[in-house]
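>>> Sequence and predicted structure below; questions after.
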There are 2 protein chains.
Amino acid sequence: MIAQDPSCTLCQSPGGELVWQDGQCSVVLPGEADYPALCRVVWHAHVREMTDLTAPERRHLMSVVFAAEAALRQLTDARKMNLASLGNVVPHLHWHVVPRHEEDRNFPNAIWGPENPGANRFRLPAPAIDRLREAIVQSLAEEQGGIA
Amino acid sequence: MIAQDPSCTLCQSPGGELVWQDGQCSVVLPGEADYPALCRVVWHAHVREMTDLTAPERRHLMSVVFAAEAALRQLTDARKMNLASLGNVVPHLHWHVVPRHEEDRNFPNAIWGPENPGANRFRLPAPAIDRLREAIVQSLAEEQGGIA
């Protein structure tokens, strides 16, 4: 039985196009206009903080975050990868996994920070879902020693 | 031998008041004006991405990040904890561990996002270094099953 909050958007919808999931969390592509390759890793249960999870749950969630990082790094040739778990607006555990490029909307600022004038011209296409899924599964297998 | 980059600020200085360290990483209080309780967890070697670490190194670094989260949560009564590893400006692995409060400079935006008018009046004092260190050591002991 997964804890749900009827007023929480991440309890009511996956939050994007489903790339990968297991019983505990999902990787989705929300289709952010200026960051089409931005993925989110969403914990299924309505949990507020990483330190509300058990240590094995934390390790599992992070192994998926790092698999998404590895996959996006490989597929988008990112200048830098950004990872963040904020949840001030939607306090349901989710990680932003964001490939950054020098030409993107906010580089080198955070994606929530000041925008570069004229930078909207740069929109890296999202990697094909199938290739992204494949790369995540492969990275997870390496991360978890074969238990993907 | 720890990899160093002579042009990197986090290779040249600890980046804040030292709260806790082991052979691989440090927890520092940089003394951010509007976020005095914001801590950073800094990997000692000049490494760019989480996925450049080995899986055991990643687990170790995250166990320190989560210990800092637990300690700050307990000591600051945060409304929400924020975790982020960006490094677009200083590409040397470090995590921001930020207790957030409704009255802070940017809530519910990211700390790099738009500011609330007049919110600078709210400045939660940093927890005393000794209490913070103690709380981190205790959380690490729980996280790592006694191996702090």
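Nice, thanks for sending it over.

>>> Neighbours of residue A:15, how many?
Look at residue A:15: counted by other CB atoms under 10 Å in any protein chain shown, it has 17 neighbours. Heads up, the C-betas are built off the backbone N, CA and C, glycines and all.

>>> Hmm, residue A:9 and it touching each other?
Yes - between residue A:15 and residue A:9 a contact is recorded at 7.2 Å, counting by CB atoms under 8 Å.

>>> With adjacent residues omitted, what lies nearest to residue A:76?
residue A:99 (4.1 Å; CB to CB, 6 or more residues apart in numbering or on different chains).

>>> Other residues contacting whichever helix or strand that neighbour is part of?
Following DSSP states H and E, one finds residue A:99 within strand A:94-100. By CB atoms under 8 Å, 6 or more residues apart in numbering or on different chains, the surrounding residues in contact with strand A:94-100 are A:10, A:15, A:35, A:37-43, A:61, A:65, A:68-69, A:72-73, A:76, A:78-87, A:107-108, A:111, A:124, B:88.

>>> and with 7 Å instead?
The contact list for strand A:94-100 (CB atoms under 7 Å, 6 or more residues apart in numbering or on different chains) reads A:10, A:35, A:37-43, A:65, A:68-69, A:72-73, A:76, A:78-85, A:87, A:107, A:111, B:88.

>>> can you give me the strands for chain A?
A:17-21, A:25-29, A:39-43, A:80-85, A:94-100 (DSSP state E).

>>> Switch those over to TSV; also include mean neighbour count and mean pLDDT.
Below are those laid out as TSV (neighbours: other CB atoms under 10 Å in any protein chain shown; pLDDT from 0 to 100):
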stretch	mean neighbour count	mean pLDDT
strand A:17-21	18	96
strand A:25-29	22	97
strand A:39-43	26	98
strand A:80-85	22	98
strand A:94-100	24	97
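
>>> which residues sit in contact with the most centrally placed residue in chain A?
The centre of chain A sits closest to residue A:40, judged by CA atoms, centre = their mean, with a distance of 2.4 Å. Residue A:40 makes contact with A:15-16, A:28, A:30, A:94-96, according to CB under 7 Å, 6+ apart.

>>> Next one: it from residue A:142, what distance?
22 Å (CB to CB, to the nearest Å).

>>> what sits up against the lengthiest helix in chain A?
For chain A, the helix with the greatest residue count under DSSP state H is helix A:55-76. With CB under 7 Å, 6+ apart as the test, helix A:55-76 has contacts from A:24-25, A:27, A:37, A:39, A:41, A:43, A:50, A:53, A:78, A:81, A:83, A:95, A:97, A:99, A:124, A:127, A:131-132, A:135-136, A:139-140, A:143-144, B:49-51, B:58-59, B:62, B:66, B:143.

>>> For it, give the mean pLDDT please.
The average pLDDT for helix A:55-76 rounds to 96.

>>> which strand residues sit across from the residue nearest to residue A:76 in the sheet?
Beta bridges link residue A:99 to residue A:81 when assigned by DSSP bridges.

>>> same check, this time on residue A:32
Counting by DSSP bridges, the residues bridging with residue A:32 are residue A:35.

>>> Nearest residue to residue A:126 in space, please, no chain neighbours.
Residue A:126's closest residue in space is residue A:36 (CB to CB, 6+ apart), at 4.1 Å.

>>> State the distance from that neighbour to residue A:50.
According to CB to CB, residue A:36 and residue A:50 sit 27 Å apart.

>>> Compare neighbour counts for these two and give me the winner.
residue A:50 (23 against 15).
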